[in-house]
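Participant: Structure for this input, please:
(one chain, ligands or ions: 1)
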Amino acid sequence: MEVIIQETAEKTALLAARVIAREVRVRPNLTLGLATGRTMEAVYRHLATMHRNEGLSFARCQTFNLDEFIGLPPDHPGSYHRYMTDHFFRHVDIPSSHIHIPNGMAADLAAECAAYEAAIKACGGIDLQLLGIGRDGHIGFNEPLSALQSRTREKALTPATRRQNASLFGGRWENVPARAITMGVGTILESRRCLLVATGEEKAFILSQALEGPITAWVTASALQLHPRCTVLVDEAAAEQLKGKDYYRWIFENEPEWAPFR
Ligand code: F6R
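Facilitator: Numbering: from 1, shown residues only. Have a look, this model is predicted:
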């Protein structure tokens, strides 16, 4: 794992977009794992700008979203289908047939989850998985105590996660669906590269637990410590409680891999 600290949330999002863009340019038929949430909005905004101004093309990419609420139609303003359309898909050139998001309206949710895993396999696995982190340490909707070998499945959401998502549900957490389909921690760990983005002081404590604390199902993001190629991009506010800050800063300033991004 490597941790890269940027001054601001905006710079962090821009770096995330540049890392993704570089991978897409090297391998235009990349299979991208995508996340939603406030942190990702700026990342998608930068990718859309690169598409518009620099000709960055997603036409040959396949995408797999991490999660979706159960019981919401795709056009519901709180659904992740709608989020992805509004923030990313309608601004770029990904063919709709290349877009995969779990169907939270499926009559047979277990079959939907199994089919999702099969679709990821059929595409050759995820090359680059974009991740945010919840205040409870979740990645995807892998809430505390999710098995670290879990696969795509139904998951009950914590009240904290429902509160975090309340803004698109009239500000009332009780209106946020109580269950979601999420890729499992095991599914995420099989991606060839993981890119975790975290910004803001409200992530500082949980980030220190996830990156520098023990690997535990209580903080599912800590499983990323097991991943052979995980890059964590954070702003100063989110990095506040990290013990290794000086070392992480040195890496960004000195490692040749980061030279094109400095
Ligand atoms: C959503 C997802 C979640 C979010 C996390 C952070 O698809 O995967 O794990 O990334 O809850 O959300 P924000 O960025 O809103 O703090």
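
Participant: I'd like to know how far the closest residue to Cys113 other than its chain neighbours sits from Pro28.
Facilitator: Nearest non-adjacent residue to Cys113, counting by Cβ to Cβ, 6 or more residues apart in numbering: Thr152, 4.4 Å away. In short, each C-beta sits where N, CA and C put it, glycine included. Remark: distance between Thr152 and Pro28 (Cβ to Cβ, to the nearest Å) = 26 Å.

Participant: And the two? Which one has more around it.
Facilitator: More crowded of Thr152 and Pro28, by other Cβ atoms under 10 Å: Thr152, with 27 against 13.

Participant: If I look at the residue of the chain found nearest the ligand, what pLDDT would I see?
Facilitator: As assessed by Cβ to the nearest ligand atom, the ligand sits closest to Gly132 within the chain, at 2.3 Å. Note for Gly132: predicted pLDDT of 98.

Participant: again with Glu68
Facilitator: pLDDT for Glu68: 98.

Participant: what does the helix or strand encompassing it contact?
Facilitator: Per DSSP states H and E: Glu68 is located in strand 67-69. Identification of contacts with strand 67-69 by Cβ atoms under 8 Å, 6 or more residues apart in numbering yields 36, 78-81, 101-104, 140-141, 176-177, 179-183.

Participant: Over to stretch 232-246?
Facilitator: By Cβ under 8 Å, 6+ apart, stretch 232-246 touches 1-9, 11-12, 15-16, 19, 195-201, 203-205, 207-208, 211-212, 224, 248.

Participant: Throw together a ChimeraX command that grabs the buried residues out of those residues.
Facilitator: Buried subset of the contacts of stretch 232-246, written as a ChimeraX selection, criterion 16 or more other Cβ atoms under 10 Å:
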select :3,4,5,6,9,11,12,15,16,19,195,196,197,198,199,200,203,204,207,208,211,224,248
